[in-house]
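Undergrad: Give me the fold of what follows.
(2 chains)
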Amino acid sequence: MERVWIFNALQVAATVYACWRGGAPERLVGLSLFLAALATRLFHEIGEGRFVDVEIGIMTVDIVLLVVMIAITLHADRFWPAWVTALHALGTGAHLARALNPDVIRLAYAVLSVVWSYPIVLLLVVGTMRHSRRVRARGWDLDWSRQDPTLR
Amino acid sequence: MSDSRIDQLTEAQRACLRLVLTHHNSKEIAALLGVSPSAIDKRIERAVQVLQVGSRFEAARLLQRHDAGAETPAAPPAGSGTAVAAVPPPRREPVATYERLPSDPIDVAYIASDRPQAVQTEPWGLVRRFLGVTPGRGLEGMARNRLSKGDRLIRLVGIMALLAVTTVALVSMTMTVTSLLRQARGTAASPRIEHTSRRGGRPEMLKERRQATDMVTVEFLKAEAAVDQAALLAATCVATLLQQRAAANLPVATGLEALQLMSEASSDIIRARQRFVDAHRALVSVRAEIGLANFYKYGDEGECPPNEGALQAEVPMHLVAAA
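TA: The predicted model follows:
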């Protein structure tokens, strides 16, 4: 239980930091991750004590988050969202593995689908720090690549 | 340093560069100046060559700095005497350094849309600002990530493959360590089994363990059934006592003490039954601990599901197997 709260604290802190110091991609990723964590928590509360093969609700949340992350990766003027998306995609892949093969050990499943959250939060924080450093150094930093007129 | 080079620029090239600085693309500049986009591209290209810089933006900024130097008295040497009109400063530059020409149509439009109030008055303003897509808010410049969408997708897939390979390696390592630890814990928990497992290989050990748990299970289920039966009998006995007193029209106080003791005994038995239910769960986890979880499909759930009957359902098969 404690581990869950530590992660929640990390997530909230990262989201607040991203919204405070980050550009649009950081804010958007921060908010999406926070909402996803919230929804996952909610599904855990609802689904407590039920014995289902794959937690459908959690899977839905993860897939929606994946779509959002891919969209951000394609448009943001950043490099880190690609890593975040890849990490999250693999986490979502754990659901798929579980759905295809129910023999996946619960521990491995939990590890695969949970463990990714930590580097993702770390990447968000580092991305926000780098953005704010660029803003301090140059006075500006693009949010989306299409803000560059030559790329339109 | 490049003042002499800037002097080499033609007025047409300068006009283009100034428009580049206000974030017009070649097409827009072409429309504004009434020439073809390719001509604009050529002009800018030539200017970039003359100034010996990397991009059109750099060229534009160089010209702007030059123009600013010519305008502001405080600024050091204005190399050329040519009085050139000040270009509207981009949003991010300190505005005070430059003199703005209010008549400049680009300038006016640019500054007006930059006011934050204009953003907040529209209904989706906050959302747009959150997403960084406020129209007219001229945050523009060189993009760092210049990859196209396809390239980004390819990169994404590449990163995923890299991570997947790394993970598989890590997970398999972890799994090996875990199974080793589990083995060590299982043997520590039951020294008798450790003894037998040393003699035989792993399949032998598993077979021994299975037989052990099967025998325990059979006895346990018998005891559980007996306690259940006992609870039923005790409760029935209490009920019968009450019924018979009423039927025989005996006084209410008759056999009070006996009734009291009997109902206490009955509740004790029910408590014992509860213990057996708890023990049932514990027994299942013991099985998981000594590595038989896979045979019972409980290992990946960690606890016994609500229906206790599952354990019984498995027994006949194992009896056959053991026989």
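Undergrad: residues contacting residue A:63?
TA: Residues in contact with residue A:63 (CB atoms under 8 Å, 6 or more residues apart in numbering or on different chains) are residue A:92. Where you see a C-beta, it was placed from the backbone N, CA and C, and this is true even at glycine.
Undergrad: pLDDT score for it?
TA: In this model, residue A:63 is scored at 89, pLDDT.
Undergrad: In what element of secondary structure is it found?
TA: Here residue A:63, judged by DSSP states H and E, is contained in helix A:56-75.
Undergrad: Check which element follows that helix along the chain.
TA: Where DSSP H and E defines the elements, the next helix or strand beyond helix A:56-75 is helix A:80-100.
Undergrad: Pull out the buried positions in the helix holding residue A:63.
TA: For helix A:56-75, a neighbour-count test (16 or more other CB atoms under 10 Å in any protein chain shown) marks A:57-59, A:61-62, A:65-66, A:68-70, A:72-75 as buried.
Undergrad: got the angle for that helix vs helix A:80-100?
TA: Angle between the axes of helix A:56-75 and helix A:80-100 is 150 degrees (criterion: axes from the mean of the first three to the mean of the last three CA atoms, to 10 degrees).
Undergrad: hang on, the earlier thing: show me which of the buried residues of helix A:56-75 is closest to chain B.
TA: Nearest to chain B, judged by CB to the nearest CB, of the buried residues of helix A:56-75 is residue A:74 at 4.9 Å.
Undergrad: I figured that closest one was touching residue B:154, is that so?
TA: No: contact criterion CB atoms under 8 Å: residue A:74 and residue B:154 do not qualify, at 11.6 Å.
Undergrad: ok, back up a step: which single one of the buried residues of helix A:56-75 is nearest to residue B:29?
TA: The closest of these to residue B:29 turns out to be residue A:75 (CB to CB; 25.4 Å).
Undergrad: who's the residue lying closest to the closest one once chain neighbours are set aside bridged to?
TA: Using CB to CB, 6 or more residues apart in numbering or on different chains and skipping residues adjacent in sequence, the residue nearest residue A:75 is residue A:144, 5.1 Å away. As for beta bridges, residue A:144 partners with residue A:76 under DSSP bridges.
Undergrad: how about a markdown table for the buried residues of helix A:56-75, with distance to residue B:274 added?
TA: Below are the buried residues of helix A:56-75 laid out as a markdown table (distance: CB to CB, whole Å):
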| residue | distance to residue B:274 |
| --- | --- |
| A:57 | 34 |
| A:58 | 34 |
| A:59 | 38 |
| A:61 | 39 |
| A:62 | 40 |
| A:65 | 44 |
| A:66 | 47 |
| A:68 | 50 |
| A:69 | 50 |
| A:70 | 53 |
| A:72 | 54 |
| A:73 | 56 |
| A:74 | 59 |
| A:75 | 60 |
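Undergrad: Near the closest residue to residue B:12 other than its chain neighbours, how many other residues are there?
TA: Leaving aside its sequence neighbours, residue B:12 sits nearest to residue B:43 (CB to CB, 6+ apart; 5.9 Å). A count of neighbours around residue B:43, defined by other CB atoms under 10 Å in any protein chain shown, yields 22.
Undergrad: again with residue B:226
TA: Per other CB under 10 Å, the neighbour tally for residue B:226 reads 11.
Undergrad: just to revisit the earlier point, the residue nearest to residue A:75 touches residue A:73, doesn't it?
TA: No: counting by CB under 8 Å, residue A:144 does not reach residue A:73; the two are 11.5 Å apart.
Undergrad: Which of the helices or strands spans residue B:266?
TA: Using DSSP H and E, residue B:266 falls in helix B:256-289.
Undergrad: what mean pLDDT would you report for that helix?
TA: The average pLDDT within helix B:256-289 is 84.
Undergrad: Determine the longest helix present in chain B.
TA: Secondary structure of chain B per DSSP state H: the longest helix is helix B:202-247.
Undergrad: elements contacting that helix?
TA: The contact analysis (3 or more CB pairs under 8 Å, 6 or more residues apart in numbering or on different chains; DSSP states H and E) places helix B:202-247 against helix B:191-199, helix B:256-289, helix B:309-322.
Undergrad: Am I right that residue B:145 sits in a helix?
TA: No: counting by DSSP: H, G, I helix; E, B strand; the rest coil, residue B:145 is located in no helix; its state is coil.
Undergrad: Contacts only, for it.
TA: Neighbour list for residue B:145: A:76, A:77, A:78, A:79, A:145, B:152 [criterion: CB under 8 Å, 6+ apart].
Undergrad: tally of neighbours for the first one?
TA: Other residues within reach of residue A:76, judged by other CB under 10 Å, total 27.
Undergrad: Next: the third one.
TA: Taking other CB under 10 Å as the neighbour definition, residue A:78 ends up with a count of 27.
Undergrad: Point out the least confident one among the contacts of residue B:145.
TA: Within those, lowest confidence goes to residue A:145 (83).
Undergrad: for chain A, which helix is longest?
TA: Chain A, longest helix under DSSP H: helix A:24-47.
Undergrad: on contacts alone, who are the packing partners of that one?
TA: Judged by 3+ CB pairs under 8 Å, 6+ apart, the packing partners of helix A:24-47 are helix A:2-21, helix A:56-75, helix A:80-100, helix A:117-138, helix B:125-131.
Undergrad: how big is the angle separating it from helix A:56-75?
TA: Angle, helix A:24-47 to helix A:56-75, by the same axes, to 10 degrees: 170 degrees.
Undergrad: Let me know the average pLDDT across helix A:24-47.
TA: Helix A:24-47 carries an average pLDDT of 85.
Undergrad: follow-up on the earlier one: for the residue nearest to residue A:75, give me its contacts.
TA: Neighbouring residues of residue A:144 by CB under 8 Å, 6+ apart: A:24, A:25, A:75, A:76, A:77, B:132, B:133.
Undergrad: closest to residue B:31 among these?
TA: Distance to residue B:31 across the contacts of residue A:144 (CB to CB) is lowest for residue B:133, with 23.9 Å.
Undergrad: Pull up the gap between the residue in chain A positioned nearest to chain B and residue A:128, please.
TA: Chain B sits closest to residue A:24 of chain A, with a gap of 2.8 Å, by CB to the nearest CB. In this view, residue A:24 and residue A:128 are 12 Å apart by CB to CB, to the nearest Å.
Undergrad: sorry, back to before: helix or strand: which one has the residue nearest to residue B:12?
TA: Taking DSSP H and E as the criterion, the element that holds residue B:43 is helix B:37-51.
Undergrad: For that helix, enumerate the helices and strands it packs against.
TA: helix B:3-7, helix B:11-21, helix B:26-33, helix B:56-71.
Undergrad: Compare these and give me the one nearest residue A:134.
TA: Nearest of the helices and strands packed on helix B:37-51 (CB to CB): helix B:56-71, 16.2 Å.
Undergrad: Quick one: list the elements packing against that closest one.
TA: Here helix B:56-71 touches helix B:3-7, helix B:11-21, helix B:37-51, going by 3+ CB pairs under 8 Å, 6+ apart.
Undergrad: Out of these, which is the most enclosed?
TA: Greatest average neighbour count among those goes to helix B:11-21 (a mean of 22), per mean count of other CB atoms under 10 Å in any protein chain shown.
Undergrad: Let me know the pLDDT of the residue nearest to residue A:75.
TA: For residue A:144, the predicted pLDDT is 86.
Undergrad: Which secondary structure element of chain A has the lowest mean pLDDT?
TA: Within chain A, no helix or strand scores below helix A:106-115, which has a mean of 70 by mean pLDDT, DSSP states H and E.
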